[in-house]
Structures are given as structure tokens and as C-alpha cells.
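**Q** From the sequence below, what's the structure:
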Amino acid sequence: MAPDPASDAAPARRLLVVDDHALVRLGVRTLVAQQFPGQFEVAEAGTLEQGLAQLRAAPGGIALVLLDLQLPDAKGFAGLRILRRDHPGVPVVVLSGAQDVRIREEALRLGARAYIGKSADAGGMGAWVEVLRQQAVAPAAAGGASPAAEALRTAHGMGLSPRQVQVLELLLAGLDNQAIAEETGLTLGTVKNCVSSVFLGFNVRSRAELLGLFPT
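**A** Below is the predicted model of the structure:
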């Protein structure tokens, strides 16, 4: 009997979208299906409690949580705090309609992997795709940590700020300063300062040297 090609494919990773707006959940599901066919399954929850129940029911089975900051049972950063406390190993990306830099910075300080606005423009869509792409290319645990994961673990150990770690992630993804500014909402000057801090922390003088520390 000929082998089934599908049996050799990597299993789809599971995303959990916690948002009380059905259209947002549908939008995420559609984006994932279009950009990453067969790579992700999308689970949905309309409240924080529903999301927590899914996490409890499938320990280790959720690769990424996309979290709205305004849920019927968790307003502001309450949901993010609870997720980071109860499920610290699960990456959380905040989805928000607010474009306030202070909210973005606080979300990152509290442990969000990224902060993405619910914008339908090209910049907002590009940010969603980039975050999901980083999750899609992450190797299975049995294969060891990815270069990006190793770099981020080192960055946390050396005390880089959440903003600097976010910039490091985008540097490792190959984005230039202008693209990083557009994706994060930071000013170009702030991005340059963060890049300089990253270079200093890793004792390198260029992107090429930084990438050379963590070859793919």
C-alpha cells in the first residue's frame, strides 16, 4: 500500500482566539486559512472563562492565544494577568482596538508576546501574519529550541526590556528599522535606540553579526 503523504505532514498547531466579537474570530480564522493552509487549527472562545476551560482541557495543546483586552468577564489587563499566571508557558498575543502606546507598552511589560491592533489596514494585517509565521516555523520541542527562541531566552536573561525584546524578535525576522517602526507603532528614533541596546547586549555591531550568533 502506498504511504499516505498526509501522514508525514507535521500536525497542525492549535491557536485559541479569545474575543467576544464573532466577526473578529471569523477574521482570524479566515486569515489563518488563507496564509497558513493546513498549518494551524483555530479554536474560539467568547469569554476568558471559556478560553481558560479550553486551556485546562488541552494542557500543552495550545500553541498561541490571541487575547482581546475587553471581554465580558475580564476588562483591561485582567485577562492577560490571569493567563500569564495560570499558563505561563503559552505565548499570548494581545488583540486590541486601542492604539495607545501606553497600553501597548503595559501589555508587553506584563508578558504579551506582541500587541496587534484590530486594524484592517496593510500594516495591521502584516503584523498578524508575521506573528503567526513566527509560530508556524517554530520547531517541535523534540527538535530543540529554534534560533529565535534561543536568542529571546538569552535576551530575557540579560535584562532587556519587553520593548527591546520585541524589537529583537523583528530583527531576527529580517525587518529593517522602518518596518519595525511600522509594525510596532514606535517612532523610528525609539526603534534605533532599541536596536542599539540589543547590539550592545549581544556585543555585536551589525545585524549580520547578530544573526550570525543564531544561525538558522
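
**Q** Burial check on Lys75, number of neighbours?
**A** Neighbourhood size, Lys75 [other Cβ atoms under 10 Å]: 11. All C-beta spots, glycine's among them, are computed from the backbone N, C-alpha and C.

**Q** Equivalent analysis for Gly76, please.
**A** Residues within reach of Gly76, counting by other Cβ under 10 Å, total 12.

**Q** And the one helix or strand Leu200 maps to, what's buried?
**A** Per DSSP states H and E, Leu200 falls inside helix 188-202. Across helix 188-202, burial judged by 16 or more other Cβ atoms under 10 Å covers Thr190, Val191, Cys194, Val195, Ser197, Val198, Phe199, Gly201, Phe202.

**Q** Check those against Ala63 and report the nearest one.
**A** Proximity of the buried residues of helix 188-202 to Ala63 (Cβ to Cβ) peaks at Val198, which lies at 25.8 Å.

**Q** if I look at the nearest residue to that closest one once chain neighbours are set aside, how far off is Arg102?
**A** Among residues not flanking Val198 along the chain, Leu168 sits closest, at 5.1 Å (Cβ to Cβ, 6 or more residues apart in numbering). Leu168 sits 21 Å away from Arg102, going by Cβ to Cβ, to the nearest Å.

**Q** Looking at those two, which has the bigger crowd around it?
**A** Leu168 (23 against 8).

**Q** Kindly export the helix or strand where that one lies (C-alpha atoms) in CSV.
**A** Element membership of Leu168, judged by DSSP H and E, is helix 162-172. The C-alpha coordinates for helix 162-172 follow below in CSV (Å, rounded to 0.1, in the frame of the first residue of the first chain):
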residue,chain,number,x,y,z
PRO,A,162,9.9,44.0,26.8
ARG,A,163,10.1,46.7,24.1
GLN,A,164,13.7,45.7,23.3
VAL,A,165,12.8,42.1,23.2
GLN,A,166,10.0,42.8,20.8
VAL,A,167,12.4,44.7,18.5
LEU,A,168,14.9,41.8,18.8
GLU,A,169,12.2,39.4,17.6
LEU,A,170,11.6,41.6,14.5
LEU,A,171,15.3,41.9,13.8
LEU,A,172,15.6,38.2,13.8
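
**Q** Buried ones in that helix, by neighbour count?
**A** Buried, per 16+ other Cβ under 10 Å, within helix 162-172: Pro162, Arg163, Gln164, Val165, Gln166, Val167, Leu168, Glu169, Leu170, Leu171, Leu172.

**Q** now swap in stretch 97-113 and tell me
**A** For stretch 97-113, the neighbour count (16+ other Cβ under 10 Å) marks Ile103, Arg104, Glu105, Glu106, Ala107, Leu108, Gly111, Ala112, Arg113 as buried.

**Q** hang on, the earlier thing: and the helix holding Leu200, what does it pack onto?
**A** Other elements packing on helix 188-202 under the criterion 3 or more Cβ pairs under 8 Å, 6 or more residues apart in numbering; DSSP states H and E are helix 147-157, helix 162-172, helix 177-184, helix 207-213.
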